[in-house]
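1. Prediction below, plus the sequence it came from.
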Amino acid sequence: MSNTSDSTRKRYNRIARFFKITESLMEKGKMSLWRKAVWNEANGKVLEVGVGTGKNIQYYPESVEVSAIDFSEKMLEFAREKASIYGKKVDLRLMDVQALDFADETFDTIITTCVFCSVPDPIKGLKELKRVCKKDGQIIMLEHVRSKKPLVGIIMDLLNPIVVRIVGANINRNTIENLKQSNINVKIEKDLMLDIVKHLKCSI
Ligand SMILES: C[S@@+](CC[C@H](N)C(=O)[O-])C[C@H]1O[C@@H](n2cnc3c(N)ncnc32)[C@H](O)[C@@H]1O
């Protein structure tokens, strides 16, 4: 694991409890509706990447079989608790999305929510998603990205180092461009909040 990956992983281990404590606050408003919308699109064998404290687990449809990974052990501990609270069967594994331990073309659906802002090498991670996704599969993402509005974009650039330090997330990631560079096709790009929070449907 690279130094950057190791420090990001350690940061998430440190702040896992903060995520857990603040989650009811962060889930207020539209976030839970957006999560539901994403999970309504899941089918077949599903991979959730960067499961975190397991905020999505309650929305897993009964009809799908889910494997969920995270590279932070502490985050996974909270996700395990969630799975048991909601009585969901989920194969939770400690794994780095930049080096997935799954065979090529394993999953029908891959879901990420607020993950590619923090993956240390996003292109490497996205290429791994492409590899483990079936050829007729789908990648569905709920991600925040850098705004294309010049002033807002510059403010996001300026605030980025502070936000990374506090919550580990880069608020100025250009995930759409990263998807293109990884040869993943963005079929639907829906703006949920300004041009910052997006629901993306991709094919490979
Ligand atoms: C901001 S949290 C989002 C958690 C969850 N998806 C949600 O919607 O609440 C980002 C998560 O991605 C995980 N993560 C970041 N980089 C990763 C990587 N390279 N491999 C696996 N998980 C990673 C972090 O450990 C953290 O749990």
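-> Cool, the structure landed.

2. so where do the strands sit in the chain?
-> Assignment of strands within the chain using DSSP state E yields the ranges 45-49, 65-70, 90-94, 107-113, 133-144, 185-193, 197-203.

3. Pick out the residue in the protein sitting closest to the ligand.
-> Residue of the chain nearest the ligand, by CB to the nearest ligand atom: G52 (2.4 Å). (Each C-beta comes from the backbone N, C-alpha and C, glycine too.)

4. My read is that that residue contacts I69, right?
-> No: with contact defined as CB atoms under 8 Å, G52 does not count as touching I69 (10.7 Å).

5. Going along the chain, name the helices of the protein.
-> Taking DSSP state H as the criterion, the chain carries its helices at 3-26, 31-40, 73-85, 122-132, 150-167, 175-181.

6. Please identify the most buried of those helices.
-> Of all these, helix 122-132 carries the top mean neighbour count, a mean of 20, counting by mean count of other CB atoms under 10 Å.

7. Output the contacting helices and strands for that one.
-> Counting contacts by 3 or more CB pairs under 8 Å, 6 or more residues apart in numbering; DSSP states H and E, helix 122-132 packs against strand 45-49, strand 107-113, helix 175-181.

8. rewinding a little: now the residue of the chain closest to the ligand: phi and psi?
-> With angles defined as degrees, to the nearest 10, G52 sits at phi 60, psi -140.

9. Next: the one 10 residues further on.
-> The main-chain torsion angles of E62 are listed as degrees, to the nearest 10 and equal phi -60, psi -30.

10. Sketch out the low-pLDDT regions of the chain for me.
-> Along the chain, no part satisfies pLDDT under 70.

11. Can you name the residues of it that neighbour the ligand?
-> Residues of the chain lying close to the ligand by CB under 6 Å from any ligand atom are 8, 12, 50-52, 55, 69-72, 75, 96-98, 113-115, 118-119, 125, 169.
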